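**Q** Got a sequence here, can you build the structure:
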Amino acid sequence: MKIKTLILAAGQGTRMRSALPKVLHKIADRALLHHVYDTSAQLENNQIFVIYGHGGELVKKQLAQLNVTWIEQAQQLGTGHAVQQAVSYLNEEDIVLILYGDVPLLKKVTLDNLLANVSEKSLALLTVTLPNPTGYGRIVRNEQQNICKIVEQKDATAAQMLITEVNTGILATQGGQLKNWLARLSNNNAQQEYYLTDIIEMAVQDGLTIQATQPQNADEVLGVNNRQQLAHLERVFQLEQVNRLMDLGVTLRDPARVDVRGTFTKLGRDIEVDVNVIFAGDNQIADNVKIGANCWIENAVIAENVEILANSIIENAIVGANCRIGPFARLRPEANLANDVHIGNFVEIKKSTVGIGSKINHLSYIGDSLVGSGVNIGAGTITCNYDGVNKFQTIIEDGAFIGSDTQLVAPVTVGKNATIGAGSTITKDTPAAQLTLSRSKQVSIAAWQRPTKK
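**A** Okay, the predicted model is just below:
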């Protein structure tokens with residue numbers, strides 16, 4: 001069967017009090033609409049349409065990577081009106097699935113269960129039972145407990161307001177039937193809008209059965225209308241992520257204080273993660289890695305037995321086995337550390353390769369560099385790689401010792417086993433196995449008087 005998924009994403013979201021379209025607000029650094037797309041994209045033989053309105057050009061620009069057909073709803077006249085915009089794309093034999101761009105945590109298994117109930121004689125509807133149904137359309141059942149209609153809260157009677165089974169808005173039906181019902185919609189209601197929910201009563205009148213399914217968890221079908229709901233669903237999502245990590249054997253010192261905003265291509269055994277650690281992008285982490293508090297790990301490849309101390313940032317970098325990073329270290333994009341490297345406090349590495357067993361332990365910047373094996377770089381060392389226009393490379397060969405407070409002005413090469421004296425500014429290549437230094441002459445002035453306050 002051919003599925004055509006319509007994601008309704010035209011709402012302004014006034015209660016968000018934001019210039020940003022509601023569906024672009026994020027959970028785990030991914031737009032609400034992107035979450036919905038990711039779930040629906042898991043369905044086989046599925047073509048996805050996004051019906052957009054407020055801030056539509058920004059939505060299309062920021063989510064241009066999505067494989068969808070964009071349909072504009074120029075006027076927002078209700079959910080039924082939104083679906084009407086897609087009628088020309090629907091065929092009689094299609095199975096049409098209706099989703100919402102602000103309901104981000106829906107699971108594929110829930111959609112599979114819903115779609116299994118679609119037939120010529122049945123419409124599939126996702127409902128949920130809530131202890132507080134305020135704001136939702138109520139599911140009205142007859143004496144045989146069959147669904148006969150949905151009543152929006154603003155149109156509900158006092159008795160109907162007591163119903164706790166509510167409409168999620170998510171449904172699936174055959175394309176030909178849907179097109180027929182959409183053509184019959186009316187806006188004769190309190191809001192003067194075309195409600196998609198009205199097709200339920202039409203389906204019943206046409207002799208169809210409304211087959212209701214429910215999600216495993218009500219949070220799956222909660223939408224985002226304000227900042228509180230956004231924050232709630234963020235925590236729900238994060239709880240799912242950290243539980244998955246722990247199921248895979250990761251030790252989290254406090255699961256409530258770890259955020260996963262990406263994925264893991266690889267997760268080894270006996271990984272330990274302290275509090276306030278954030279994982280972003282796609283990470284590969286091997287066995288026996290320890291990550292200290294307040295670290296940011298993004299698109300990192302981390303080999304076994306690595307220790308990352310507190311307050312360190314690793315972004316688009318590779319860390320070899322048995323390395324020790326931090327505290328307060330930063331590995332920027334294209335930093336590549338071999339095995340047994342030490343990167344200490346307030347050290348920044350950018351677009352550089354550091355060889356086996358080298359140490360850069362204090363207050364240094366190494367950028368656009370090739371650092372050999374067994375190199376020791378003293379505190380306060382800087383590779384001066386930028387002249388204001390172009391970047392240049394520094395090469396530090398195996399076994400070199402760089403004294404503290406050294407400036408290496410690129411392009412420059414420090415020879416194998418060379419020593420650079422502390423406080424030097426090196427502008428020319430230095431020979432192997434020799435001491436090189438550049439200092440002004442030290443003098444003492446005996447007659448000098450310290451200034452006094454006037």
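
**Q** what sits against residue 274?
**A** For residue 274, the contact set (Cβ atoms under 8 Å, 6 or more residues apart in numbering) comprises 253, 291, 292, 293, 295, 310. From N, CA and C alone the C-beta is placed, and that goes for glycine too.

**Q** Read off the pLDDT value for the fifth one.
**A** Model confidence at residue 295, given as pLDDT, is 98.

**Q** Surely it is in contact with residue 306?
**A** No: if you go by Cβ atoms under 8 Å, residue 295 and residue 306 don't touch, sitting 11.7 Å apart.

**Q** so where do the helices sit in this structure?
**A** Here the chain has its helices, by DSSP state H, at 32-40, 56-62, 79-84, 108-115, 175-183, 198-205, 227-247.

**Q** dump the residue contacts of the closest residue to residue 101 other than its chain neighbours.
**A** Excluding the flanking residues, the one nearest residue 101 by Cβ to Cβ, 6 or more residues apart in numbering is residue 9, at 3.2 Å. Residue 9 makes contact with 21, 23, 33, 50, 51, 52, 53, 59, 100, 101, 102, according to Cβ under 8 Å, 6+ apart.

**Q** nearest to residue 161, of the helices of the chain?
**A** For residue 161, the closest of these is helix 198-205, at 18.2 Å, according to Cβ to Cβ.

**Q** Contacts only, for the closest residue to residue 259 other than its chain neighbours.
**A** Distances taken as Cβ to Cβ, 6+ apart place residue 278 nearest to residue 259, at 4.8 Å, with adjacent residues excluded. With contact taken as Cβ under 8 Å, 6+ apart, residue 278 is in contact with 258, 259, 261, 295, 296, 297.

**Q** In strands only, show me those.
**A** Using DSSP state E, 258, 259, 261, 296, 297 are the members of the contacts of residue 278 that sit in strands.

**Q** Next, give me the two most distant ones among those residues.
**A** It's 258 and 296 that sit farthest apart of these, by Cβ to Cβ, at 11.8 Å.

**Q** which neighbours do these two share?
**A** Shared contacts of residue 258 and residue 296, defined by Cβ under 8 Å, 6+ apart, comprise 277, 278.

**Q** that older thread, specify the beta-bridge partners of the residue nearest to residue 101.
**A** When bridges are called by DSSP bridges, residue 9 pairs up with residue 52.

**Q** And it, what's its pLDDT?
**A** Taking residue 9 on its own, its pLDDT is 95.

**Q** pLDDT score for residue 129?
**A** 96.

**Q** okay, now it: neighbour count?
**A** 12 (other Cβ atoms under 10 Å).

**Q** any idea how far it lies from residue 284?
**A** As judged by Cβ to Cβ, to the nearest Å, residue 129 and residue 284 stand 42 Å apart.

**Q** One more: residue 235?
**A** Distance from residue 235 to residue 284, by Cβ to Cβ: 26 Å.

**Q** Likewise for residue 3?
**A** Residue 3 is 34 Å from residue 284, by Cβ to Cβ.

**Q** With neighbour numbers in mind, choose between these two.
**A** The residue with more neighbours, out of residue 3 and residue 284, is residue 3; 19 against 15, by other Cβ under 10 Å.

**Q** who's in contact with the more buried one?
**A** Residue 3 makes contact with 43, 44, 45, 46, 47, 94, 95, 96, 97, 115, according to Cβ under 8 Å, 6+ apart.

**Q** Residue 280: what's its closest spatial neighbour, skipping adjacent residues?
**A** Spatial nearest neighbour of residue 280, excluding adjacent residues (Cβ to Cβ, 6+ apart): residue 298 at 4.1 Å.

**Q** Which stretches in the stretch 1-150 of the chain count as strands?
**A** Per DSSP state E, counting those that start in this stretch, the stretch 1-150 of the chain carries strands over the ranges 3-9, 26-27, 30-31, 46-52, 69-72, 95-100, 122-129, 138-141, 147-151.

**Q** how about these in JSON lines, adding distance to residue 216?
**A** Shown next, in JSON lines, are the strands of the stretch 1-150 of the chain (distance: least, Cβ to Cβ, whole Å):
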{"stretch": "strand 3-9", "distance to residue 216": "21"}
{"stretch": "strand 26-27", "distance to residue 216": "19"}
{"stretch": "strand 30-31", "distance to residue 216": "22"}
{"stretch": "strand 46-52", "distance to residue 216": "22"}
{"stretch": "strand 69-72", "distance to residue 216": "30"}
{"stretch": "strand 95-100", "distance to residue 216": "17"}
{"stretch": "strand 122-129", "distance to residue 216": "10"}
{"stretch": "strand 138-141", "distance to residue 216": "18"}
{"stretch": "strand 147-151", "distance to residue 216": "20"}
